[in-house]
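**Q** Have a look at this fold, sequence not included:
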């Protein structure tokens, strides 16, 4: 298994240890707002375990993916709505 | 070749699920464990594979590896299309999971209480921040305020500090009198308690203290704390805040199991009110790691019809339940916390429903119909625990799918 993976967060390249979650990569990239709420507030992860859905982002074109439960993969393209 | 073994399906690969799986597999059942996380261990043993830091986790992972168990990771159970079958969605498809017996070891989540600013990015659960750090978030040099209630706060603070965070303080809402009584109860676990104390030496631990508000423009910048009539502000990067735990009972409700206020109702052998459906661990009530393990063991043995062996564990379970009662009394939330939420504070984060809109209604059901609270993606998993405490509402009416899934997963 490779020791690190590199993915894109809103077009910015981020390298993470293998086994990292996408939510951690987004925060590491300097982004804090993962999505906009119903009234356009910025929101980021709350529960870290797939319950709250606040960390949902678009991953490789699929919307509403929970980034706290998705493993980083090489070349993954992550888009926030923040 | 025919295989006449009975199929046991276990939902949840935390300590209870693993303990159950081990005993059932050892005693001749064909065991499948399904979990929504990419690796087994649940929340408490997250990241403990392949290298475990806790001796207990290492011992259990070794036991589990010594028997034949099928693990399905990264799959979320969302529906029972007919008795004996559950559907689970993975990143790419849907798995149909057949069972003769089922054990729900779905664990617990943090209870979140709304206060002004709690929706700001970087205000997270205590376990929430820990989970992110365990899965790659760099925390070195970050200033963290840990707040809320429960023993989890200490474990999280110690973990974050061990990874280089500057833990500014731990704000525990429980009073010193309650904590002192719990301290006595902790003697039985003194090695753990002493180790935590060592890891946290020099970190301020304030009882009767809680966050009043979080402030910031687009993300958290400061927290206002409150203790005995005094309020003050602390600048920080993260607020890790959870008010103890609530059991995950949605799947049990979907299957028709009776759920009491404290968790899924079970008999002596951990069987729910639905035949062949068992529950073990935090889903039956908040009780900590040791209770989860022994409940899991009993459930696994019971399904394997090793009833005498299961019975031999009842005294241990009773001791752990007494400890759990003490734990839950100690960290029971004080009424003053009901005043944290302000009329314009958002309670339902999915639909942005404020407290003043909610409290105009008489029940969860009416409020749902009128305001859409609890009808967003989390299906009330976050605001449910809050309104239960704030308004005394019973949060119910679970329906399939218990989680949002892709349209093509529904059939």
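**A** Ah, there it is. Just so it is clear, the structure is predicted and the values come from calculations on it, not from any experiment.
**Q** Distance check, the residue of chain B at minimum distance from chain A against residue B:315.
**A** Scanning chain B for the residue nearest chain A gives residue B:136, at 2.8 Å (criterion: CB to the nearest CB). To be clear about C-beta, it is placed using only N, CA and C from the backbone, and glycine gets the same treatment. Counting by CB to CB, to the nearest Å, the gap from residue B:136 to residue B:315 is 42 Å.
**Q** neighbour count winner among those two?
**A** residue B:136 (23 against 10; other CB atoms under 10 Å in any protein chain shown).
**Q** Now do the same contact list for the more buried one.
**A** Residue B:136 makes contact with A:16, A:17, A:19, A:20, A:21, A:24, A:25, A:28, A:72 under the criterion CB atoms under 8 Å, 6 or more residues apart in numbering or on different chains.
**Q** residues near residue B:62, how many?
**A** Residue B:62 has 11 neighbours, counted by other CB under 10 Å.
**Q** That one: helix or strand, and which one exactly?
**A** Using DSSP states H and E, residue B:62 maps to helix B:55-65.
**Q** What residues sit buried inside that helix?
**A** Buried positions in helix B:55-65, judged by neighbour count with 16 or more other CB atoms under 10 Å in any protein chain shown: B:56, B:57, B:60, B:61, B:63, B:64.
**Q** Let's have the residues you listed in CSV, adding distance to residue B:223 and pLDDT.
**A** As requested, those are exported to CSV (distance: CB to CB, whole Å; pLDDT from 0 to 100):
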residue, distance to residue B:223, pLDDT
B:56, 34, 92
B:57, 32, 94
B:60, 37, 97
B:61, 37, 96
B:63, 43, 97
B:64, 41, 97
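**Q** how about TSV for those, with distance to residue B:295 added?
**A** What follows is the buried residues of helix B:55-65, written out as TSV (distance: CB to CB, whole Å):
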residue	distance to residue B:295
B:56	15
B:57	17
B:60	14
B:61	19
B:63	16
B:64	16
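**Q** Show me which of those residues is closest to residue B:277.
**A** Closest approach to residue B:277 among those (CB to CB): residue B:64, at 22.1 Å.
**Q** I'd assumed residue B:18 was in contact with that closest one.
**A** Yes - counting by CB atoms under 8 Å, residue B:64 touches residue B:18, with 5.3 Å between them.
**Q** Need the residues touching each of the two.
**A** Between them, residue B:64 and residue B:18 have residue B:40 as joint contacts when contacts are counted by CB under 8 Å, 6+ apart.
**Q** What helices and strands are in contact with the helix or strand that contains residue B:71?
**A** Secondary structure here is read from DSSP H and E; on that basis residue B:71 sits in strand B:69-72. Helices and strands touching strand B:69-72, by 3 or more CB pairs under 8 Å, 6 or more residues apart in numbering or on different chains; DSSP states H and E, are helix B:15-26, strand B:30-34.
**Q** Among those, show me which one is buried the most.
**A** Mean neighbour count (mean count of other CB atoms under 10 Å in any protein chain shown) peaks for helix B:15-26 among these, with a mean of 28.
**Q** how many degrees apart are that one and strand B:30-34 in direction?
**A** 160 degrees (axes from the mean of the first three to the mean of the last three CA atoms, to 10 degrees).
**Q** does any part of helix B:15-26 sit near chain A?
**A** No - against chain A, helix B:15-26 shows no contacts by CB under 8 Å from any CB of the partner chain, the least distance being 14.8 Å.
**Q** ok, and what's touching that helix?
**A** Under the criterion CB under 8 Å, 6+ apart, external residues in contact with helix B:15-26 comprise B:8, B:10-11, B:13, B:31, B:33, B:35, B:40-42, B:44-45, B:60-61, B:63-64, B:67-69, B:103, B:105, B:107, B:278, B:280-283, B:289, B:292-297, B:299-301, B:303-304, B:306.
**Q** Stretch B:156-166 vs chain A: in contact?
**A** No - if you take CB under 8 Å from any CB as the test, stretch B:156-166 misses chain A, and the best it gets is 10.8 Å.
**Q** So which residues make contact with that stretch?
**A** Looking at what lies outside stretch B:156-166 - CB under 8 Å, 6+ apart - the contacts are B:126-127, B:129-130, B:133-134, B:139-144, B:146, B:167, B:170, B:196, B:199-200, B:203, B:240.
**Q** ok, back up a step: any chance of the helices and strands packed on strand B:69-72 in JSON lines, with mean pLDDT too?
**A** Written out in JSON lines, the entries for the helices and strands packed on strand B:69-72 read as follows (pLDDT from 0 to 100):
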{"stretch": "helix B:15-26", "mean pLDDT": "98"}
{"stretch": "strand B:30-34", "mean pLDDT": "98"}
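**Q** And these: which comes nearest residue A:42?
**A** Ranked by CB to CB, the member of the helices and strands packed on strand B:69-72 that lies closest to residue A:42 is strand B:30-34, at 33.9 Å.
**Q** So what are the sheet partners of the closest one and their directions?
**A** strand B:7-11 (parallel), strand B:69-72 (parallel) (DSSP bridges).
**Q** okay, those strands in a markdown table with mean pLDDT and mean neighbour count next?
**A** Output for the strands paired with strand B:30-34, formatted as a markdown table (pLDDT from 0 to 100; neighbours: other CB atoms under 10 Å in any protein chain shown):
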| stretch | mean pLDDT | mean neighbour count |
| --- | --- | --- |
| strand B:7-11 | 97 | 25 |
| strand B:69-72 | 97 | 17 |
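**Q** what about residue B:132, is that helix, strand or coil?
**A** Under DSSP: H, G, I helix; E, B strand; the rest coil, the three-state class of residue B:132 is helix.
**Q** per-residue confidence at it?
**A** Turning to residue B:132, the model gives it a pLDDT of 98.
**Q** just residue B:196 next, same as before
**A** According to the prediction, residue B:196 has pLDDT 80.
**Q** ChimeraX command to pick out the buried ones of the contacts of stretch B:156-166?
**A** Entered in ChimeraX, the line below selects the buried ones among the contacts of stretch B:156-166, by 16+ other CB under 10 Å:
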select /B:126,127,129,130,133,134,139,142,144,146,167,170,196,200,203,240
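**Q** wait, what's in contact with whichever residue of chain A sits closest to chain B?
**A** The nearest approach of chain A to chain B comes at residue A:20, 2.8 Å away (CB to the nearest CB). Residue A:20 sits next to A:5, A:71, A:72, B:135, B:136 when contact means CB under 8 Å, 6+ apart.
**Q** Strands - which of those land there?
**A** Counting by DSSP state E, the contacts of residue A:20 place residue A:5 in strands.
**Q** Pick out the one among the contacts of residue A:20 with the largest number of neighbours.
**A** Highest neighbour count within the contacts of residue A:20, by other CB under 10 Å: residue A:72, with 28 neighbours.
**Q** I'd say residue B:306 and residue B:27 touch.
**A** Yes - using CB under 8 Å, residue B:306 is in contact with residue B:27, at 5.7 Å.
**Q** What ranges does the stretch 101-250 of chain B have for its strands?
**A** Counting by DSSP state E, counting those that start in this stretch, the stretch 101-250 of chain B forms strands over residues B:101-104, B:108-110, B:123-124, B:143-149, B:166-172, B:204-206, B:209-215, B:222-227, B:230-235, B:238-243, B:245-247, given from the N-terminal end onward.
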